[in-house]
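1. Sequence first, predicted coordinates after that:
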2 protein chains.
Amino acid sequence: MSKQAKAVVLLSGGLDSATVLAMAREQGFACYALSFRYGQRHAVELQAAERVARALGAVEHRVAELDLRVFGGSALTSEMAVPKHEAVEEIGGGIPVTYVPARNTIFLSFALAYAEVLGAFDVFLGVNALDYSGYPDCRPEYIRAFEEMARLATKAGVEQEQRLRIHAPLIEMTKAQIIRRGLELGVDYGLTSSCYDPGEGGEACGHCDSCLLRAKGFAELGERDPVRG
Amino acid sequence: MSKQAKAVVLLSGGLDSATVLAMAREQGFACYALSFRYGQRHAVELQAAERVARALGAVEHRVAELDLRVFGGSALTSEMAVPKHEAVEEIGGGIPVTYVPARNTIFLSFALAYAEVLGAFDVFLGVNALDYSGYPDCRPEYIRAFEEMARLATKAGVEQEQRLRIHAPLIEMTKAQIIRRGLELGVDYGLTSSCYDPGEGGEACGHCDSCLLRAKGFAELGERDPVRG
């Protein structure tokens, strides 16, 4: 690209979004990373997001403040216990209690605002329909519906018929495939933090859904997870 | 209704949303009011929202914190000057600088989260397509697109095919019609605050777009605006 196009990349500090940032950069975008301080109990992920944004050359990294605790309703933002298991096979079906009501919709709405201010028309999001099939807002039909709504919501969509494109490049990938792609692109997974319920020092619990899926991904690939030592 | 249905009502503290709250109550809903502290310079409207919620019998009134200043881009959340005019005819066409990028999308996303936690399927919103034709996210096609996205985003939409309905009862009304309806329903407009750029004591400037449209509405109706004395 002669004039580098801008993209907003939603960056949680976890493994998936770090990989997405690397993929967006690989595609030639100037990346503007966006994270949220939303009352999550695993706020250590924001430090991880900052490390990842720097390491992967984001032009800018903004942290938006918003308080999703105002409504409760999820184990990630309330006193409800985060479910723990011994093995990945024990993870239940249906929508898990770690689901935060409307979280992706809220995050994408902020990305839409940021994109509109930047003059960007691309947003990258690390959702995954395989590992997180229980989350309604991780499915392709949801992403398409958000794009259509966004087209009608914005100055650019209305005045220039310029469509916002939401890229969800991981949506059909397994965790092992995601990690392989990230390693090819030079992602240092030692900088990331995936745990839903980390200890005081930020160490992963090893037994929440997110830790188990991550461990399974590294194991399938025969790679060592740098955060597990 | 035997078991009273719940509705989330977005309440800014202005004239329009106060009228909408009265209309939702009139329709028999148990109303859960939702306001935002989003970095607006006219934060006095939150005090107005609290007064209005109480006066119109909202079951609950929550104020969500979120910082839209993180992106800038609007006269309502930055140091940019709020445009002032002598008369309503001077208000320009196109999208005004008081437009906040993606604001309605962000607000509706929060309403969606609140509705999901409450088990509510109705959201009331005071947007108006006549006075605010310059705002892309005040048009009926935008509202319909948001509903479709919301259906795909939520547990209830996916599991029970229960659709969220977004009510925008003011969308085709003039300001005078809105005020007439509110007065019929007993709204005390003396409790509301519409100004984009109020003085230290909360007094309306009288010259921003919002003040001028409000004054015109009361004038057309031959009514006195209680906040203008």
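-> Received the coordinates, thanks.

2. Next, see if the helix or strand where residue A:46 lies gets close to chain B.
-> Residue A:46 is part of helix A:44-55, with elements assigned from DSSP states H and E. No. No part of helix A:44-55 sits close enough to chain B to count as contact by Cβ under 8 Å from any Cβ of the partner chain; the gap is at least 13.9 Å. From N, CA and C alone the C-beta is placed, and that goes for glycine too.

3. Just list what that helix packs against, helices and strands only.
-> In this structure, helix A:44-55 packs against helix A:15-26, strand A:30-37, strand A:60-65, with contacts taken as 3 or more Cβ pairs under 8 Å, 6 or more residues apart in numbering or on different chains; DSSP states H and E.

4. what's the closest of the ones you listed to residue B:21?
-> Closest to residue B:21 of the helices and strands packed on helix A:44-55 is strand A:60-65 (Cβ to Cβ; 27.1 Å).

5. And that closest one, what's buried?
-> Neighbour counts using 16 or more other Cβ atoms under 10 Å in any protein chain shown place A:61, A:62, A:63, A:64 of strand A:60-65 among the buried residues.

6. Can you confirm whether the helix or strand containing residue A:108 lies near chain B?
-> Residue A:108 belongs to helix A:103-118 when assigned by DSSP H and E. Yes. Using Cβ under 8 Å from any Cβ, helix A:103-118 reaches chain B at A:103, A:104, A:105, A:106, A:108, A:109, A:110, A:112, A:113, A:114, A:116, A:117.

7. one step back: gap between the helix holding residue A:46 and the chain center?
-> Helix A:44-55 has its C-alpha centroid displaced from the chain centroid by 12 Å (Cα atoms, centre = their mean, to the nearest Å).

8. So what touches that helix?
-> Counting by Cβ atoms under 8 Å, 6 or more residues apart in numbering or on different chains, the neighbours of helix A:44-55 from elsewhere in the structure are A:11-14, A:17-18, A:21, A:33, A:35, A:37, A:61, A:63, A:188, A:191-193, A:198, A:202.

9. give me that answer again for 6 Å
-> Counting by Cβ atoms under 6 Å, 6 or more residues apart in numbering or on different chains, helix A:44-55 makes contact with A:11, A:12, A:13, A:18, A:33, A:35, A:61, A:191, A:192, A:193, A:198, A:202, all of which sit outside it.

10. Whichever of those end up buried, select them in ChimeraX.
-> This is the ChimeraX syntax for the buried subset of those, where burial follows 16+ other Cβ under 10 Å:
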select /A:11,12,13,18,33,35,61,191,192,193,198
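
11. Lowest-confidence member of the contacts of helix A:44-55, which is it?
-> Confidence by pLDDT is poorest for residue A:202 among those, given 80.

12. Just say helix, strand or coil for that residue.
-> When the structure is split into helix, strand and coil by DSSP: H, G, I helix; E, B strand; the rest coil, residue A:202 lands in coil.

13. quick one: it from residue B:10, how far?
-> When Cβ to Cβ, to the nearest Å is the yardstick, residue A:202 and residue B:10 sit 38 Å from each other.

14. ok, now residue A:209?
-> Applying Cβ to Cβ, the value for residue A:209 to residue B:10 is 33 Å.

15. And those two? Which one has more around it.
-> Remark: of residue A:209 and residue B:10, residue B:10 carries more neighbours, 25 against 22, as counted by other Cβ atoms under 10 Å in any protein chain shown.
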